[in-house]
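Colleague: With the sequence up front, the predicted model follows.
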Amino acid sequence: MKISYTHQFRLPLDTVWRGMQDEGVLKKAIPGCQSFSRVADQLYHAEMGLSVGPVKGVFTCEVRQEDQEEPVFYRLLVKGKGGPGEIDAVADMRLSPEGDGVRLDCAAEVQVSGMLASVGQRVMNGVAKLVMGQFFKAAEKEMGLLFSHSQSKEG
């Protein structure tokens with residue numbers, strides 16, 4: 001299943017890039033995040049609870065960032081298992097300056113199994129976009145707090 005998503009950040013490119021690499025920002029922004037920790041360089045272990053429509057349960061995930069081209073591109077690999085099934089996703093995340101902010105374009109290829117596969121592609125696509133929207137809005141808020149805090153320290 002292919003999923004595409006776009007988010008417009010009202011923050012500078014370097015702030016968005018740093019935020020997307022920051023363990024604290026990611027932990028606070030992942031919907032239903034119960035734990036998030038760095039296992040190795042660019043490799044994280046996460047546990048998240050989801051309850052969106054027919055998709056309910058706790059997922060244990062491995063999240064890896066690859067092929068980074070700072071500050072404009074990285075590939076995100078996510079493998080997750082939970083009561084509702086398994087998720088295997090590869091997402092290309094492209095950042096580009098636009099207006100006073102940054103446009104993030106996400107193009108993902110997602111494979112699901114178990115009960116997740118039985119809910120249908122249309123429903124899963126909607127759930128995925130809802131979760132991504134929640135994540136990017138929360139990430140932007142966290143990045144803004146981080147950025148304004150670091151700015152006030154410098155000034």
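Modeller: Right, received. Where do you want to start?

Colleague: Under the pLDDT cut-off, which ranges of this structure? List them.
Modeller: Within the chain, the stretches with pLDDT under 70 are 149-155.

Colleague: quick one: the strands in it?
Modeller: Remark: strands assigned in the chain by DSSP state E are 2-9, 33-40, 43-52, 55-69, 73-82, 85-98, 101-113.

Colleague: can I get these in CSV with distance to F147?
Modeller: Where you see a C-beta, it was placed from the backbone N, CA and C, and this is true even at glycine. Output for the strands of the chain, formatted as CSV (distance: least, Cβ to Cβ, whole Å):
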stretch, distance to F147
strand 2-9, 11
strand 33-40, 20
strand 43-52, 22
strand 55-69, 20
strand 73-82, 19
strand 85-98, 15
strand 101-113, 12
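
Colleague: TSV for those strands, including mean neighbour count and distance to E140?
Modeller: Output for those, formatted as TSV (neighbours: other Cβ atoms under 10 Å; distance: least, Cβ to Cβ, whole Å):
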stretch	mean neighbour count	distance to E140
strand 2-9	16	5
strand 33-40	13	16
strand 43-52	16	19
strand 55-69	16	18
strand 73-82	18	17
strand 85-98	16	13
strand 101-113	17	9
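
Colleague: and stretch 123-141, which residues are buried?
Modeller: M124, G126, V127, A128, V131, M132, F135, F136, A138, A139, E140 (16 or more other Cβ atoms under 10 Å).
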